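Asks: pasting a predicted model and its sequence here:
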Amino acid sequence: MGENSKRSEHPKKHHFVPQFQLEYFADDRRRLAVHRLNREGPHLASVTDVGHRNLGHTLYRPGKEPDHVTLEKGMSEIEGAAASVIRELVGSSAREPNAEQREVLAWLIALQWQRHRLLLDLLHQYVRRDYSNDATTSEEELAFKSGGLRAILAQVIWPWRNRSDPHARPKDMWNSIASRLHGRSFHWKLLRPRTPSLVISDNTVCLSGVASGQVFELPPAYAQIGIGIGFDNFQRLTMPLTPRIGLIISRDSADLNRIDSRKFNRWTVGNSREFVAHHPDWDAVAPSLYGAVIGHLDEQRFLAKYIFPALTAGGMSDA
């Protein structure tokens, strides 16, 4: 059986933004209004055509057949658990997730953070710079691209599976992000606007602000769009779950009550590196919020030309 036949047995589009999450922002025809940073104006796109790379989660090793299944299967396990949690939250009026829901959402955050395409592309560039040469084969080049994906397997998927194994060692169940978010220094809350008010982007894990006591050497505005901050020094994390539910995790409990939909969307747009999406009719439902998002998108497109040059140089061919 040829390689093309083998590929056809498995989905070609590998999503780094969960389709179940995009569904909440789509209309009944599964369509989204998508604003891309490398072009003006929104366009309509199907949920299946947004937030993916063709064979983007395929593992390559020199001399072996490409593995199109292992990562997709492992990721779907975490996504399935997260989908159940979000359904529970949609059906409740809870103002914060319970302990079990927090655990699952923390693992989803860990997965989303490590599989974002900008992070993987940057990692590939570093690996390629250090290990490739003029004699590098195409097989070896593909293997370099798989480096970050193998890290997801080892640091997220395997620990996720081991967490339910009573015989697993603590270090085999540990993920730095998921474990850290369970710490006492973080406060969790659900933002629940009365009407559909939130948007989603390619980067669902949105970091903003610098934690108290942390040194930040870049211009302060950079921290509000997720540049120069990570899980060691961020002030808050926001994650749109549905248009009417947003997750907020902050080091400052007072911060939780100061965040409204407008601020939440500002951080979503600011952390976007490829696109922002929402329901096709959202501009009529929430015109004021829509106008604010358009303004933030104009700023983000300007920044993308200078801060994210790799994205505007043809690295965003897939929706």
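Replies: On my side now, so go ahead. These figures come from a predicted structure and were not determined experimentally.
Asks: quick one: the strands in the stretch 1-150 of the chain, in order.
Replies: 13-15, 31-36, 42-46, 52-54 (DSSP state E, counting those that start in this stretch).
Asks: looking at these, which is buried most?
Replies: Among those, strand 31-36 has the highest mean neighbour count (mean count of other Cβ atoms under 10 Å), at a mean of 23. Where C-beta positions appear, they are placed from N, C-alpha and C, glycine not excepted.
Asks: and the angle for it with strand 42-46?
Replies: Angle between the axes of strand 31-36 and strand 42-46 is 130 degrees (criterion: axes from the mean of the first three to the mean of the last three Cα atoms, to 10 degrees).
Asks: would you map the strands across the stretch 151-300 of the chain?
Replies: 187-191, 200-201, 206-210, 234-242, 245-250, 275-278.
Asks: any idea how far Trp267 lies from Asp281?
Replies: Counting by Cβ to Cβ, to the nearest Å, the separation of Trp267 from Asp281 is 24 Å.
Asks: again with Leu289
Replies: For Leu289 relative to Asp281 (Cβ to Cβ), the value is 13 Å.
Asks: what's the burial count for Pro170?
Replies: Each residue near Pro170 was counted by other Cβ atoms under 10 Å, and the total is 8.
Asks: what residues are up against the nearest residue to Leu71 once chain neighbours are set aside?
Replies: Nearest residue to Leu71, sequence neighbours excluded (Cβ to Cβ, 6 or more residues apart in numbering): His57, at 4.1 Å. Neighbour list for His57: His14, Phe16, His68, Leu71, Glu72, Met75, Arg115, Leu149 [criterion: Cβ atoms under 8 Å, 6 or more residues apart in numbering].
Asks: related to what we said a few turns ago, look at Trp267 and Asp281 and report which has more neighbours.
Replies: Between Trp267 and Asp281, counted using other Cβ under 10 Å, the more crowded position is Trp267 (26 against 11).
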